[in-house]
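Asks: Prediction below, plus the sequence it came from.
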Amino acid sequence: MTRTASLRRVAAVGILTTALAAGSVPAALAKGAESKAAGTCSQGAAWKLKAKADNGRLQVELEVDSNRNGQVWTWALKDNGVAVGSGSATTVAPSGSFSVERRIANRAGTDTITATARHAATGQTCSARVVFPG
C-alpha cells in the first residue's frame, strides 16, 4: 500500500469516527437500517411487512401468502396515517402469494407504516404494522 493510500484510509476512518461520535451517519451508511413484522390474516393467510432505509427514502414491501393462486386482493399502505400506495394484486404460483413494493418519503421522526389487504371473495383481511425509527 502506498503512503498516499494509507493517508487516505486514515483520513476516512477519522471522518467516520467523527460522524459516529457526533451522532450523524452519512446517508450511504444508513442504508442497512430495517424494520420487519409478520403475522396472520383473518382466515389463515400470512403477511410480512418490511421498511428499510434506501438513499434517503424508505423502501416498503408488503407480502401476503394465502397458498392459493389466482386470488385478487386489494391493498393499501399508509405512513403515519397518510396514504402512500394502494391497488390490487393477484396471488401467483408457486406459493400463492403477492407482494408490492413502494419507495416513499422518509418523513421526519418515527415512521409508522400500516398495510391492509382484503380478499373480497372470502372477506379475508390482513392488517400489518411496522415502526421505522426516525
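Replies: Great, that's in hand. Quick caveat, the model's predicted, so the values are computed rather than measured.
Asks: Show me where this protein has its strands.
Replies: Remark: strands assigned in the chain by DSSP state E are 34-40, 46-54, 57-65, 72-79, 82-90, 97-105, 111-119, 124-132.
Asks: Quick one: those as TSV, columns for mean neighbour count and mean pLDDT too.
Replies: Quick note: C-beta positions are derived from backbone N, CA and C, even for glycine. What follows is those, written out as TSV (neighbours: other CB atoms under 10 Å; pLDDT from 0 to 100):
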stretch	mean neighbour count	mean pLDDT
strand 34-40	13	97
strand 46-54	20	97
strand 57-65	20	97
strand 72-79	19	98
strand 82-90	13	97
strand 97-105	17	97
strand 111-119	21	97
strand 124-132	17	97
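Asks: Please list all residues in contact with the closest residue to A105 other than its chain neighbours.
Replies: In space, and not counting its chain neighbours, A105 is closest to R57: 6.3 Å by CB to CB, 6 or more residues apart in numbering. Applying CB atoms under 8 Å, 6 or more residues apart in numbering, we find R57 in contact with 103-106.
Asks: Dump those residues to a markdown table, plus distance to Q124.
Replies: Compiled in a markdown table, the contacts of R57 are given as follows (distance: CB to CB, whole Å):
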| residue | distance to Q124 |
| --- | --- |
| R103 | 28 |
| I104 | 26 |
| A105 | 31 |
| N106 | 31 |
